[in-house]
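Novice: Got a predicted structure here, sequence first:
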Amino acid sequence: MTVRTRFAPSPTGYMHVGNLRTALYAFLLARKHKGTFILRIEDTDQEREVPGAVDLIYHTLRQAGLFWDEGPDVGGPYGPYIQSQRKTIYREYAEKLVEAGHAYYCFCDKERLDAVRKRQEAEGKQPKYDGHCRHLSSTERDKLIAGGTPWVIRQRIPDSGTTTFTDEVFGEITVENSTLDDNVLLKSDGLPTYNFANVVDDHLMRITHVIRGIEYLSSAPKYNLLYTAFGWEIPRYVHCPPVMRDAQRKLSKRDGDASYQDFIDKGYLTEALINYLALLGWSPGTDREKFTLDELIDAFDISGISKSPAIFDLVKLTWLNGEYIRTLTPDQFLEKATPFIRQAVTREDVPLAAIAAVLHERTEKLADIPPQLDFIDRLPDYPVDLFVHKKSKTTFENSLTSLRAAREALAAIPADSWNDDTIRATLLKLAETLGVKNAVVLWPVRIALSGKEFTPGGAIEIAHILGKDEALRRIDHGMEKLARAPK
RNA sequence: GACCCCAUCGUCUAGUGGUUAGGACACCGGCCUCUCACGUCGGUAGCACCGGUUCAAAUCCGGUUGGGGUCGCCA
């Protein structure tokens, strides 16, 4: 049997990372078994549909490397893969269910339904359809239809008995049929509800493993009843626990940071995000934590999916992202970093590669870059106290001495030799000549060049980045500050 | 509230009757070092609780507590 899985999102907005994870698992399972991964668009709620959302789904999945074998754009033998284009199919199957007695026409309007629900709630009972249209005769029914009364088709849940199904992650689950409701299968607009469309499509599209969020777990018995009513084989169910923001709240749109695109915009790498998401609620059973998509395919197994909700840990994602960034080659990093460097550095005459080099080990996400570079365009105003650093054994006095000597030595470097190697050789030689620790020279120079306590890179790299003229100017400024400093 | 489900460090998790309860992030300390960061070495920290079963329980059973999901002509 060929494994066939599907990702079936509704085009209702941006791509949520929780959905992305579900898509990932479905993709992984299919690829793992050399099966087929299908994309199906569930657009049966015309009111919630958001223009452009389908393209966003395509774009995100492709960017993440989750390519589908069958889908709206690539076609396939079981299309169409957009539910709104399958309207007649659902109607046909709904009628079959009615004929077989497993479903019935219902003419109750919203007002009546609301009233019934209200009454039930007031009585402390669980809201449930009261079966008003359950036993309408076919003549009454036909008369109402002919009269133009709007109708829906509801599933007829057995009055008694239990329904048992098996979920691949949660095991066997049994519920009393009496707790199930006669849900609407076909809406008055002629489109199916999710409850019906997913069953019909999953069967027609030969889906073998239904992978979806846990919110569908409690509805699974109703779907099972539907499969059984049709005489269809029941697929394997894989329900995934939710991704949480904290112990009690789901990661949601309201938090704003649940969007895949937002992460990318902040400088998270797709590969890192996918890697992190894979491990959020799934474990390979080993200590390994870094996986490429191909390696995930190899390692993936349903048995590793956990049963409890998992809290999304931004700190750990950020660490993982940093790991991925550090594995980039200097060129790759430069390319990704440049737009972010340009957010902080407008000077055109700076060596971008040298800036990137100094940033590489210090960047966990690309958005960390701009604030680190705020001293390049303009020297910040800084307190003269910065020159005093206990560990480097610097004081106002020896800082001034170092700066004077450094200025002279650096000024002697030819402009076309202004690079890390030459500057390093010059400054280290100077420390040796002065008979002081390297830090006594390098600390004050770095402070004078940057005006900051912490900087990416040290005096040497920063001097190089700033360029000879600007570096000397800043050292001069530092000397003036020190000269004015209280003794 | 009713029904279903879940429960190992702060977080993600390994663990399927016998382990000094393992790893990772975070946190703390050492080293490296011109700052920060990287790297490296080490440390703190967990089986929610109460009963059973068993020679032996994080692992099995029951209950309590806590948490999640569902209860729409939304998916």
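Specialist: Looks like it came in fine.

Novice: List the buried residues in stretch A:389-397.
Specialist: Residues A:389, A:392, A:394-396 are the ones in stretch A:389-397 that count as buried (16 or more other C-beta atoms under 10 Å). All C-beta spots, glycine's among them, are computed from the backbone N, C-alpha and C.

Novice: Return the distance of stretch A:13-33 from the chain's centre.
Specialist: Its chain's C-alpha centre and that of stretch A:13-33 lie 11 Å apart, by C-alpha atoms, centre = their mean, to the nearest Å.

Novice: ok, back up a step: so which of the buried residues of stretch A:389-397 reach RNA strand B?
Specialist: A:389, A:392 (C-beta under 7 Å from any atom of the strand).

Novice: Format the buried residues of stretch A:389-397 as CSV; extra columns: distance to A:Trp232 and pLDDT.
Specialist: Output for those, formatted as CSV (distance: C-beta to C-beta, whole Å; pLDDT from 0 to 100):
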residue, distance to A:Trp232, pLDDT
A:His389, 75, 92
A:Ser392, 76, 90
A:Thr394, 79, 93
A:Thr395, 84, 92
A:Phe396, 85, 94
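
Novice: So for the one residue in chain A that gets nearest to RNA strand B, what's the pLDDT?
Specialist: Closest contact between chain A and RNA strand B, by C-beta to the nearest atom of the strand, is at A:Gly458 (1.9 Å). In this model, A:Gly458 is scored at 96, pLDDT.

Novice: how much space between it and A:Arg62?
Specialist: 42 Å (C-beta to C-beta, to the nearest Å).

Novice: quick one on the thing from earlier: which member of the buried residues of stretch A:389-397 is positioned nearest A:Gly451?
Specialist: Ranked by distance to A:Gly451 (C-beta to C-beta), those are led by A:His389 at 14.2 Å.

Novice: Show me what that closest one bridges to in the sheet.
Specialist: Here A:His389 sits in beta bridges with A:Thr394, as judged by DSSP bridges.

Novice: does it really touch A:Leu442, like I thought?
Specialist: No. Using C-beta atoms under 8 Å as the test, A:His389 is too far from A:Leu442 to be in contact (10.4 Å).

Novice: near RNA strand B at all, the helix or strand bottoming out on mean pLDDT in chain A?
Specialist: In chain A, no helix or strand scores lower on mean pLDDT, DSSP states H and E than helix A:110-122, which sits at a mean of 90. Yes. For helix A:110-122 and RNA strand B, the contact criterion (C-beta under 7 Å from any atom of the strand) is met by A:110, A:113, A:117.

Novice: can you pull the buried residues of that helix?
Specialist: A:113, A:116-117.

Novice: Likewise for stretch A:186-198?
Specialist: Within stretch A:186-198, judged by 16+ other C-beta under 10 Å, the buried ones are A:186-187, A:191-198.

Novice: now stretch A:78-88
Specialist: A:78-79, A:81-83, A:86-87.

Novice: same deal with stretch A:276-286?
Specialist: Applying 16+ other C-beta under 10 Å to stretch A:276-286 flags A:276-284 as buried.

Novice: Tell me how far that stretch lies from the chain's centre.
Specialist: On the basis of C-alpha atoms, centre = their mean, stretch A:276-286 is displaced by 15 Å from the centre of the chain it belongs to.

Novice: Provide the contact partners of it at residue level.
Specialist: A:17, A:20-21, A:24-25, A:28, A:240-241, A:243, A:289, A:291, A:296, A:299-301, A:303-306, A:310, A:312, A:316-317, A:320-321 (C-beta atoms under 8 Å, 6 or more residues apart in numbering).

Novice: Is RNA strand B within reach of it?
Specialist: Yes. Using C-beta under 7 Å from any atom of the strand, stretch A:276-286 reaches RNA strand B at A:279-283, A:285-286.

Novice: In helices, which of the residues you listed fall?
Specialist: Using DSSP state H, A:Leu279 are the members of these that sit in helices.

Novice: residues touching the residue nearest to A:Ala53 when sequence neighbours are not counted, list them.
Specialist: Leaving aside its sequence neighbours, A:Ala53 sits nearest to A:Pro11 (C-beta to C-beta, 6 or more residues apart in numbering; 3.5 Å). Neighbour list for A:Pro11: A:41, A:43, A:49-50, A:53-54, A:56-57 [criterion: C-beta under 8 Å, 6+ apart].

Novice: which pair in these spans the largest distance?
Specialist: Checking the contacts of A:Pro11 with C-beta to C-beta, the most distant pair is A:Asp43 and A:Leu56, at 13.4 Å.

Novice: quick one: the helices in the stretch 101-250 of chain A?
Specialist: A:110-122, A:138-146, A:194-204, A:220-230 (DSSP state H, counting those that start in this stretch).

Novice: mind checking which of those helices is nearest A:Leu328?
Specialist: helix A:194-204 (40.6 Å).

Novice: could you give the angle of that closest one to helix A:220-230?
Specialist: 50 degrees (axes from the mean of the first three to the mean of the last three C-alpha atoms, to 10 degrees).

Novice: Outside of helix A:194-204 itself, list whatever touches it.
Specialist: Defining contact as C-beta under 8 Å, 6+ apart, one finds that helix A:194-204 is touched by A:6, A:8, A:40, A:42, A:44, A:78, A:83, A:86, A:89-90, A:93-94, A:155, A:183-186, A:192, A:207, A:210, A:219, A:222-223, A:226-227, A:230, A:232-233, A:235.

Novice: Ramachandran angles for A:Ile82?
Specialist: Per-residue torsions, A:Ile82: phi -120, psi 120 (degrees, to the nearest 10).

Novice: In terms of pLDDT, where does the residue nearest to it when sequence neighbours are not counted sit?
Specialist: Nearest residue to A:Ile82, sequence neighbours excluded (C-beta to C-beta, 6+ apart): A:Ile41, at 4.5 Å. A:Ile41 is assigned 97 on the pLDDT scale.

Novice: now the helices: where do they sit in the stretch 351-487 of chain A?
Specialist: So, for the stretch 351-487 of chain A - with DSSP H, counting those that start in this stretch - the helices run A:352-360, A:369-372, A:396-411, A:420-434, A:438-450, A:459-466, A:468-484.

Novice: Now do the fourth one: everything it contacts.
Specialist: When you say that, I think you mean helix A:420-434. A:354, A:401-402, A:405-406, A:409-410, A:412-413, A:437-438, A:440-442, A:445, A:459-461, A:463-464.

Novice: Okay, the residue nearest to A:His132 when sequence neighbours are not counted and A:Thr149: tell me how far apart.
Specialist: Distances taken as C-beta to C-beta, 6+ apart place A:Cys108 nearest to A:His132, at 5.6 Å, with adjacent residues excluded. Plainly put, A:Cys108 is 10 Å away from A:Thr149 if you go by C-beta to C-beta.

Novice: So for those two, which residue has more residues nearby?
Specialist: Using other C-beta atoms under 10 Å as the criterion, A:Cys108 and A:Thr149 rank with A:Cys108 on top: 17 against 13.

Novice: Contact partners for the residue nearest to A:His132?
Specialist: A:116, A:129, A:132-133 are the contacts of A:Cys108 under C-beta under 8 Å, 6+ apart.

Novice: Buried subset of those as a PyMOL selection?
Specialist: Buried residues among the contacts of A:Cys108 (16+ other C-beta under 10 Å), as a PyMOL selection:
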select buried, chain A and resi 116+129+133
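
Novice: Among the contacts of A:Cys108, which ones are in strands?
Specialist: Judged by DSSP state E, the subset of the contacts of A:Cys108 located in strands is empty.

Novice: Test my guess that A:Met15 contacts A:Ile57.
Specialist: Yes. Judged on C-beta under 8 Å, A:Met15 makes contact with A:Ile57 at a distance of 6.4 Å.
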